[in-house]
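Trainee: with the input below, show me the fold.
(chains A and B)
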Amino acid sequence: MDDYILSCQDLTVSFKDSEPPVLRGLTLGVRENEFLVILGPGQCGKTVFLNCLAGLQLPTEGAVYYRHNKVVGPGRERGVVFQKYALFPWQTVLGNVAWGLKSQGVSKEKRRAIALKYIQLVGLSGFENAYPQTLSGGMKQRVGLARAYATGPKVLLMDEPFGALDAQTRYAMENELLILWEKEKRTVIFVTNNIEEAVFLGDRVILMSARPGRIKIEREILIPHPRSYTDPTFLALRQEISAETDLAL
Amino acid sequence: MNSPKSHPLLLGALSLSVFFMSWIILTKAVGTKILPDPFQVIGEIIRLFKTPLSGRTLLEHVLFSLRRVLIAYGLAIVSGLPLGLMMGWSSLCRKIIGPIFEIFRPIPPIAWIPVAILWLGVAEGSKIYICYVGAFIILALNSFTGTRYVEPILINCARVLGANRKRLFLGVAVPAALPSIFAGLQNGMSMAWMCVLAAELVGGREGIGFIIIQGMNLDRPDMILAGMVVIGLLGALMAIVLRILEKVLCPWRRELV
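Mentor: Numbers count the residues shown, from 1 in each chain, chains lettered A, B, ... in the order given. Reported below is the predicted structural model:
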């Protein structure tokens, strides 16, 4: 427990007593600056799990800990990138990225400076005053990334952030995420249903099974970055995880 | 060939001229005693501007109606908007006020006319009250649905970004509800106009509704239509003002068009 920045102990979530729990007895620890991927088929409770870590969902049993403190709600040390971007349509790119800083009481000039820095880091310079509706999916999620980074969290929780993007954009965004992560190291917990994405990004992959959601297997991925989809080790690992995955039908 | 899309003005002019042509043809068919033609109506509007009816010119009658509508509309905004926002935001408010609101909501504003006159007399009070009821219900309802159906993911996102309850309301729920609120402002304005007419038709010595009633009593269809046209123009004008206001206050919506 001591080495972990974020951990959970016997985490169980059930919404109805009559149904099997969504998550059952999940115990997991995340090391500082680790890139952890949670992989699982649809409806396996990945999002519920991430919401528990974010403090948006309170567990039925067990608990989530940030270092030694029990998580009882959202906190500034944990940022979230949402699957459907969740940008505020009434705010410009700059307004969206700076939004969380205002809640922290950061002064206006400083908010602007920090927001501009991250807008530049995700490659959106020149779009500061654009409204989200005018941006493509990939650009929207760049804003989502910049917004999560801007508040200075220690842990970034990403809920299938590239799930809604087309294959090419997705691949480009995966690469850019890694570049960003190398520049500004954070602990990342990245949820996906895509095996290749998991093996491409993660230091460690956790495969979840569905109904009830629990950890099936766990693999450290030691292939150095940049990884290639056609590397034999990559393919072998992909094959192995694929064989263990429950069909999402 | 020019595509019709590139000439919205031309297309609008075309549709209006077809409308007026049909009107004129119809007048020829049924006679001016039933349906005066557009020129007679315009002539009547000009006449009413110059010659007082029941001691007042058209402009004064318009100002009477306008004053009633604007007072009622203003009162409806300051009371209906906060009430709707509160009901949308707080489930406690919703549970307390909701049932009462549901009883009053289906009552047509016009049904209030008799009691409004009983309680507030035939003077300004009752007329303003009827307009107020009509606009109030619509404004409250629209701001209610706007805040009630804010996307939960936006609320979650704001919570993760450290927003307290006050900021969740003012920084997320209210802006998310703005488009719905503006729809309410538009419909509430139409409703207030509709109600002022009804109130003036029932008992009034001034206002546009009075002109229409006078036209009926004097057997002057051109006067009736003149009153109707003036209402139409004023209503359209106010809708335009509100639309401009919406563009200024909701700039992100402009880019959708």
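Trainee: and residue A:176, how many neighbours?
Mentor: Close neighbours of residue A:176, defined as other CB atoms under 10 Å in any protein chain shown, add up to 17. For every residue, glycine as well, the C-beta is placed using N, CA and C.
Trainee: what of residue B:166?
Mentor: Neighbour tally, residue B:166, other CB under 10 Å: 8.
Trainee: swap in residue A:110?
Mentor: Neighbours of residue A:110 using other CB under 10 Å come to 11.
Trainee: low-confidence regions, chain A specifically.
Mentor: A:1-2, A:246-249 (pLDDT under 70).
Trainee: phi and psi next, for the closest residue to chain A within the stretch 1-150 of chain B.
Mentor: Nearest residue of the stretch 1-150 of chain B to chain A, counting by CB to the nearest CB: residue B:150, 10.8 Å away. The phi and psi values for residue B:150, taken as degrees, to the nearest 10, are phi -60, psi 140.
Trainee: and what of residue A:221?
Mentor: phi -110, psi 110.
Trainee: contact partners for the closest residue in space to it that isn't next to it in sequence?
Mentor: Leaving aside its sequence neighbours, residue A:221 sits nearest to residue A:202 (CB to CB, 6 or more residues apart in numbering or on different chains; 5.4 Å). Contact partners of residue A:202, counting by CB atoms under 8 Å, 6 or more residues apart in numbering or on different chains, are A:35-37, A:190, A:221.
Trainee: can you give me the neighbour number for residue B:237?
Mentor: Count around residue B:237 with other CB under 10 Å applied: 10.
Trainee: where's it, which helix or strand?
Mentor: helix B:221-249 (DSSP states H and E).
Trainee: can the helix or strand following that helix be said to contact chain A?
Mentor: For helix B:221-249, the following helix or strand on the C-terminal side (DSSP H and E) is helix B:251-254. Yes: using CB under 8 Å from any CB of the partner chain, helix B:251-254 comes into contact with chain A via B:251-252.
Trainee: list the buried residues of helix B:251-254.
Mentor: B:252-253 (16 or more other CB atoms under 10 Å in any protein chain shown).
Trainee: and for stretch A:71-91?
Mentor: Buried, per 16+ other CB under 10 Å, within stretch A:71-91: A:71, A:74-75, A:77-91.
Trainee: give me the below-cutoff pLDDT ranges for the stretch 151-257 of chain B.
Mentor: Using pLDDT under 70, the stretch 151-257 of chain B drops low at B:254-257.
Trainee: up against chain A, what does it have?
Mentor: B:151, B:153-154, B:156-164, B:167, B:171-172, B:175-176, B:178, B:250-252, B:255-256.
Trainee: contact partners for the residue nearest to residue A:212 when sequence neighbours are not counted?
Mentor: Nearest residue to residue A:212 in three dimensions, chain neighbours excluded: residue A:24, at 3.8 Å (CB to CB, 6+ apart). Residues in contact with residue A:24 (CB under 8 Å, 6+ apart) are A:12, A:212-214.
Trainee: tell me which helix or strand the nearest residue to residue A:153 once chain neighbours are set aside sits in.
Mentor: Spatial nearest neighbour of residue A:153, chain neighbours left out: residue A:79 (3.5 Å); criterion: CB to CB, 6+ apart. Assigned by DSSP H and E, residue A:79 falls within strand A:78-81.
Trainee: what do you get for residue A:215?
Mentor: Secondary structure (DSSP H and E) places residue A:215 in strand A:214-220.
Trainee: partners of that strand in the sheet?
Mentor: Here strand A:214-220 is paired, per DSSP bridges, with strand A:204-209 (antiparallel).
Trainee: buried residues, the strand it pairs with. List them.
Mentor: Result for strand A:204-209 [16+ other CB under 10 Å]: buried residues A:204-209.
Trainee: how about JSON lines for those residues, with distance to residue A:112 added?
Mentor: Formatted as JSON lines, these follow (distance: CB to CB, whole Å):
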{"residue": "A:204", "distance to residue A:112": "37"}
{"residue": "A:205", "distance to residue A:112": "38"}
{"residue": "A:206", "distance to residue A:112": "38"}
{"residue": "A:207", "distance to residue A:112": "42"}
{"residue": "A:208", "distance to residue A:112": "40"}
{"residue": "A:209", "distance to residue A:112": "46"}
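Trainee: and of those, the nearest to residue A:28?
Mentor: residue A:206 (7.0 Å; CB to CB).
Trainee: if that closest one is in a bridge, with which residues?
Mentor: Where residue A:206 sits in a bridge, its partners, by DSSP bridges, are residue A:38, residue A:218.
Trainee: and for residue A:65?
Mentor: What pairs with residue A:65, by the bridge criterion (DSSP bridges), is residue A:7, residue A:70.
Trainee: for it, list the residues it contacts.
Mentor: Going by CB under 8 Å, 6+ apart, residue A:65 touches A:1, A:4, A:6-9, A:71.
Trainee: may I see the ChimeraX selection of the buried members of those?
Mentor: Buried residues among these (16+ other CB under 10 Å), as a ChimeraX selection:
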select /A:4,6,7,8,9,71
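Trainee: ok, stretch A:119-133 near chain B or not?
Mentor: Yes: using CB under 8 Å from any CB, stretch A:119-133 reaches chain B at A:131-133.
Trainee: what about that stretch, start to end distance?
Mentor: 17 Å (CA to CA, to the nearest Å).
Trainee: touching that stretch from outside, list them.
Mentor: A:85, A:87-89, A:91-94, A:96-97, A:116, A:135, A:139-140, A:142-143, A:145-146, A:149, A:176, A:180, A:183-184, B:251-252, B:255-256.
Trainee: keep only those of those that are in helices.
Mentor: Members of these lying in helices (criterion: DSSP state H): A:93-94, A:96-97, A:116, A:139-140, A:142-143, A:145-146, A:149, A:176, A:180, A:183, B:251-252.
Trainee: what angle separates whatever helix or strand the residue nearest to residue A:212 lives in from strand A:214-220?
Mentor: Using DSSP H and E, the element containing residue A:24 is strand A:23-31. With axes from the mean of the first three to the mean of the last three CA atoms, to 10 degrees applied, the angle from strand A:23-31 to strand A:214-220 works out at 20 degrees.
Trainee: out of the residues of stretch A:119-133 next to chain B, which comes closest to residue A:60?
Mentor: residue A:132 (35.1 Å).
Trainee: report how many residues lie close to the closest one.
Mentor: By other CB under 10 Å, 22 other residues sit near residue A:132.
Trainee: got it, and residue A:174?
Mentor: So residue A:174, with other CB under 10 Å, has 21 neighbours.
Trainee: what's the strand or helix carrying it packed up against?
Mentor: Per DSSP H and E: residue A:174 is located in helix A:167-183. Helices and strands touching helix A:167-183, by 3 or more CB pairs under 8 Å, 6 or more residues apart in numbering or on different chains; DSSP states H and E, are helix A:137-150, helix A:195-201.
Trainee: how about the residues of chain A near chain B?
Mentor: Chain A comes close to chain B at residues A:51, A:54-56, A:73-74, A:76, A:78-80, A:82, A:84, A:86, A:88-91, A:99-100, A:102-104, A:131-134, A:147, A:151, as judged by CB under 8 Å from any CB.
Trainee: restricted to strands, list those residues.
Mentor: Among the residues of chain A next to chain B, the members found in strands (DSSP state E) are A:78-80.
Trainee: centroid residue for chain A?
Mentor: The centre of chain A sits closest to residue A:158, judged by CA atoms, centre = their mean, with a distance of 1.5 Å.
Trainee: so is that residue in a helix, a strand, or just coil?
Mentor: Secondary structure, DSSP: H, G, I helix; E, B strand; the rest coil: residue A:158 is strand.
Trainee: same deal with the one 4 residues further on?
Mentor: Remark: residue A:162 carries the secondary structure label coil [criterion: three-state DSSP].
Trainee: correct me if wrong: it contacts residue A:176.
Mentor: No: between residue A:162 and residue A:176 no contact is recorded; they are 10.3 Å apart, counting by CB atoms under 8 Å.
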